[in-house]
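**Student:** Here's my sequence, what's the structure:
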Amino acid sequence: MDIFTYYNVNKNMTLTFTRYLYNKDEVKLTFIECLLKQENLDECYFWIYEYYKTGYVRESWELLYKIYYDFYFVSNPGLETLIRQKEKMWERNHKLHYLAAIISNLVNTDSSGEVFIM
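**Tutor:** Sure thing, here's the model as predicted:
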């Protein structure tokens, strides 16, 4: 168990915290909410960077793909190519601006909850 994980023996519940002691699950949910609300790009960056910089590097990409397929794929199937291209570029040097480019595109793109609701 590391310093970012709290395990409650009595309730069989585990809480995991990010580097600034946010609940990991809340960070992911807040990021999704920010994207879908399309109000504040900087806030979207903050939440994904908090998740990424805590050590959830590969998980950040997995979260982006999940969000894309749940909320954006139906309306924007062509964005998948862009996401894959940016991920391949990221694999070479792990620069955060590739993640930021995708988020910037998603914030300015129409979403749909059709797949998420299924």
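**Student:** got a list of what residue 109 touches?
**Tutor:** By C-beta atoms under 8 Å, 6 or more residues apart in numbering, the residues touching residue 109 are 72, 75-76, 79. (Glycine included, C-beta is placed from N, CA and C.)
**Student:** So it belongs to a helix, correct?
**Tutor:** No: assessed with DSSP: H, G, I helix; E, B strand; the rest coil, residue 109 is coil; it does not lie in a helix.
**Student:** mind pulling up the phi and psi values for it?
**Tutor:** phi -120, psi 150 (degrees, to the nearest 10).
**Student:** Neighbour count for the contacts of residue 109 - can I get that in CSV?
**Tutor:** Listed next are the contacts of residue 109 as CSV, based on neighbours: other C-beta atoms under 10 Å:
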residue, neighbour count
72, 22
75, 12
76, 17
79, 16
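**Student:** mind listing which of those residues are in strands?
**Tutor:** If you go by DSSP state E, those have nothing in strands.
**Student:** Quick check: the two most widely separated of these?
**Tutor:** 75 and 79 (9.1 Å; C-beta to C-beta).
**Student:** What segments of the protein are strands?
**Tutor:** 5-8, 13-16.
**Student:** what about the first one, average pLDDT?
**Tutor:** Across strand 5-8, pLDDT averages out at 59.
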